[in-house]
Every structure is written in C-alpha cells, then in structure tokens.
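>>> Quick check, what structure comes out for this input:
(chains A, B and C)
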Amino acid sequence: MPVTDDAPTIAAPRKRAVRRRLKGWFAAHARDLPWRENRDPYRVWLSEIMLQQTQVETVKPYFARFLAAFPTVHDLAAAPEQQVLRLWEGLGYYRRARGLHAAAKVLVSEHNGQFPRDLAALQNLPGVGRYTAGAIASIAFDLPAPILEANTIRLFTRLTAYRGDPTSTPGQKYLWRVAEALVPPEGASQFNQAVMELGALVCTPKAPKCDACPLAKQCEANLQDAVELLQPTTKKLKFVDVNEAAVVVYKGEQVLVRQCGPGERWSGLWDFPRFAVESEGPLFAQDELTKKVAEQTGVEVRGASHLKTLKHGVTKHRITLDCYTAKRTAGRLKSTADSPTRWIDPAELGELPLSVTGRKIAKLIG
DNA sequence: AAAACGGGGGC
DNA sequence: GCCCCAGTTTT
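The predicted model follows:
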C-alpha cells in the first residue's frame, strides 16, 4: 500500500462516532487530576508547561507546590526567578521555568494579567508552542483548537493507519490535519482531554488495549489488524557516555559555587565547579582537576580527595560524575556578570536552585 | 532536518 | 538496559 501524506478525509459519520464515543468514554474514565479541578487558564497553562516531556505522576507534587507558592499569574510575575527555579528543581528542562516566569511578566504587563483567547497571541508567549497554545485555547476556553502531542500522535497514527513515519515533517503535518479534522466546534475542551486520556490509558505504546477501546470500530489500524505494523512514534536516541568531575572547594567552612550563565547548561541554576574530564574514575590526574578548577573559577586548589561517584542518565547522556573535595590555596575569584561566583556557607545551599546532582553533592557535604 | 534540553518512571 | 514522557527552541 502506498504511503500518502495527503490531508485525511474523515467521513462525517465516522467523525461523529469518534466524538460521541470519546465523550462517553471520558465521562466514565477520566482520571481525577489536580489540574482538572477547574478550567482556570492559569492552572491549565502551568500544568501544560510542566507536562512537556514529563509524566503525569512526576508533575503532581510540583503543580501543588507551585500553585501554593504562586496562586495567581501576578504572584508568579512578581517572584524572583531564583525562587521559581528553586521550586522547579528536579523537574528538568529548566528553560521551561525561565519561560514560565518570563511569560507571566508578559501576561501582566501586556495582557492585564489575563490570558488571551487567541491562538496566535498564546503561541507568542515564551515557552508556548503550537501544542500548548492549542491546549490552553481548547481546555480553558473551549475553542476548537487542535492539539498534537505524544498521546495523540500515537492515537491518530493508529486511528488512520498512517503508514509513513509519524515523527517526520510530512507525518507531523498529516497528523495535525487529522487533529484539525476531528476537533469539534463545541466541546473541544473535553474532546482534547479525552483523546490524550485515551492515548495515555488505552492506546498505549506497547500492548494497546484495543479490546477495551471505545474507538476499536473506528480505528483503521485495528480494523486492518495492523497496529503492530505501524512505525514507532518516538525516535531512538543514541546514548553518549560522558565523564565529568565536580569539586567542592573549601575556604574554611565556606564552599565555592557559581551560577550557570546564559547559553550554558542549567542557565540560572547554581553549581559547584564542574567540567568534562578525559578519563573515568577517581584516579585521574590531580593536575587536570586543579587546572580546570582554576580555569573555571580562578581559584587554586590542592589535596583533592574523592568524595563519591554518581552515575546518572539524562536525555541521551550517560554520565559518570566523580565528586571531590579540595581546599583553596590561592587565587582570586573570577566572578562575572554572566556567571557570578562566590563563597557561601553550606547551610545556604538550601535556598539556591541546584541541579539534581548538585543537590546530591550538597547533601553529601551537609 | 536535527540537535539541545541535563529529570524521571516503568519494565 | 531500553523506551517513553500532555514539546519548544535553537542550530
């Protein structure tokens, strides 16, 4: 069968059946999620940003904490960015937190603290792309805006038995057209939440529960018994091994920390001196460690002693992080506007936003 | 079109 | 160990 990227034509009766059956299924099976308590666009937006590339269960505690700290968009806009990042700590993809804060300021200064009921204006906010704009417009305002994300990419690929690569540009274009064709003029809020919910609970990546699916009779892949033949909706990542070192430099009781600058990993967060190293393990040359601490901070150290090896994986990286403690012997701090560097009491680390491994090191020395 | 983003959960 | 996750932005 030839692959077609043409816009799908979905017959009106099938479209109606899909909408009706989804509505009935969602009424019976919708999870009781914190951000479904009401349709406040602020809550919808906050949850959508947090849910980008992040699973529902992971988001729940962060959502509650954020809402408690910043009940309204005005509270968020008025907060220091450091506090926003501190509350985001551990959620990853910290650009989302910086965008969230920046967007709150835009909403207050340019939209009177209100969310625009307009797709283009929403998408103009930092961190809001086509999906998130559609999600806010539909879920909060019930506007008939299409959405396309992990769950619905998979569901629509199967519903239409799309034979091409769903992750390719033509595939994405095709699937957006499916979303546009299906979203109803009324009730888009429930519809869009329902397709995501069905994708999350029934139309799963592996072993989809077609027997329990309300769209089994409307699903081309199921009807053709071709669910397993379609191409995967996510790309495989090639993992890269990385060796890094972090050094807790002491000057008396105080330790050396620096704020990661713009364009740098963890921009806005604080970190111990950290850098890539050639060789793995605690036995690599002290010279390399000393040299790189000096390069990064201006401070001379000696007597580096191995603290612990942390292994962790993030996105495509498999990281082996060797952590050390060392004492300052000489040198002046090299602190810049982009990357402030200073000595602090370890007790103060609790107030600074750190990466997950940074926080682990802080606990080790606390 | 591809890579970066630098966390976590499930099996 | 591998796969996946309510994507967006930059290169």
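
>>> how does chain A divide up, domain by domain?
A:12-229, A:240-365 (automatic domain parsing).

>>> With mean neighbour count and mean pLDDT added, can I get the ones you listed in CSV?
For glycine as for every other residue, the C-beta is placed from the backbone atoms N, C-alpha and C. Conversion of those to CSV gives the following (neighbours: other CB atoms under 10 Å; pLDDT from 0 to 100):
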stretch, mean neighbour count, mean pLDDT
domain A:12-229, 18, 95
domain A:240-365, 16, 90
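
>>> So which of those is nearest DNA strand B?
The closest of the domains of chain A to DNA strand B is domain A:12-229. By CB to the nearest atom of the strand, the value is 2.3 Å.

>>> how close does the residue in the stretch 101-250 of chain A positioned nearest to DNA strand C get to A:Q53?
Nearest to DNA strand C in the stretch 101-250 of chain A, going by CB to the nearest atom of the strand, is A:G129, at a distance of 2.6 Å. For A:G129, the distance to A:Q53 (CB to CB, to the nearest Å) stands at 12 Å.

>>> can you pull out the helices in the stretch 1-150 of chain A?
Using DSSP state H, counting those that start in this stretch, the helices of the stretch 1-150 of chain A run over residues A:12-29, A:41-51, A:56-69, A:73-78, A:81-88, A:95-111, A:119-123, A:130-135, A:141, A:150-159.

>>> Looking at those, which is nearest to A:G358?
Closest to A:G358 of the helices of the stretch 1-150 of chain A is helix A:81-88 (CB to CB; 11.9 Å).

>>> so how far is the strand or helix carrying A:V257 off the chain centroid?
Remark: A:V257 resides in strand A:254-259, with elements defined by DSSP states H and E. Strand A:254-259 has its C-alpha centroid displaced from the chain centroid by 27 Å (CA atoms, centre = their mean, to the nearest Å).

>>> who does it touch, helix- and strand-wise?
Contact here means 3 or more CB pairs under 8 Å, 6 or more residues apart in numbering; DSSP states H and E; on that basis strand A:254-259 packs against strand A:240-251, strand A:270-271, helix A:286-297, strand A:341-344.

>>> Mind doing that once more with 7 Å?
Packing partners of strand A:254-259 (3 or more CB pairs under 7 Å, 6 or more residues apart in numbering; DSSP states H and E): strand A:240-251, strand A:270-271, strand A:341-344.

>>> by how many degrees do it and helix A:286-297 diverge?
For strand A:254-259 against helix A:286-297, the angle between stretch directions is 60 degrees (axes from the mean of the first three to the mean of the last three CA atoms, to 10 degrees).

>>> Quick check, A:G261 in contact with A:T341.
No - in this structure A:G261 lies outside contact range of A:T341 using CB atoms under 7 Å: 10.4 Å.

>>> and the stretch 1-150 of chain A, which residues reach DNA strand B?
Residues of the stretch 1-150 of chain A found near DNA strand B (CB under 7 Å from any atom of the strand) are A:53-55, A:57-58, A:90-95.

>>> Quick check: which of the helices and strands packed on strand A:254-259 is nearest to A:V277?
Among the helices and strands packed on strand A:254-259, strand A:240-251 sits nearest to A:V277 (CB to CB), with 4.8 Å.

>>> tell me the contacts of A:Y42?
Counting by CB atoms under 7 Å, 6 or more residues apart in numbering, A:Y42 touches A:72-73.

>>> if we go to 8 Å?
By CB atoms under 8 Å, 6 or more residues apart in numbering, the contact list for A:Y42 reads A:72-73, A:115.

>>> ditto for A:Q286
A:A304.

>>> swap in A:T290?
A:300-302, A:304.

>>> For these, could you give me JSON lines that also reports secondary structure and distance to DNA strand C?
Shown next, in JSON lines, are these (DSSP: H, G, I helix; E, B strand; the rest coil; distance: CB to the nearest atom of the strand, whole Å):
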{"residue": "A:E300", "secondary structure": "strand", "distance to DNA strand C": "33"}
{"residue": "A:V301", "secondary structure": "strand", "distance to DNA strand C": "32"}
{"residue": "A:R302", "secondary structure": "strand", "distance to DNA strand C": "35"}
{"residue": "A:A304", "secondary structure": "strand", "distance to DNA strand C": "28"}
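
>>> Could you list the contact residues of the stretch 151-300 of chain A toward DNA strand B?
A:168-169, A:242, A:265-267.

>>> mind running it again at 6 Å?
Applying CB under 6 Å from any atom of the strand, we find that the stretch 151-300 of chain A lies next to DNA strand B at A:169, A:242, A:265-266.

>>> residue contacts, the closest residue to A:Q254 other than its chain neighbours?
Closest residue in space to A:Q254, ignoring its immediate chain neighbours: A:W343 at 4.1 Å, by CB to CB, 6 or more residues apart in numbering. Neighbour list for A:W343: A:251, A:254-256, A:333 [criterion: CB under 8 Å, 6+ apart].

>>> Can you give me the distance of the nearest residue to A:D75 once chain neighbours are set aside to A:Y62?
Take A:D75 and drop its neighbours on the chain: the residue closest to it by CB to CB, 6+ apart is A:A69, 7.5 Å away. According to CB to CB, A:A69 stands 11 Å off from A:Y62.

>>> any shared contact partners between these two?
With CB under 8 Å, 6+ apart, A:A69 and A:Y62 have common neighbours A:L87.
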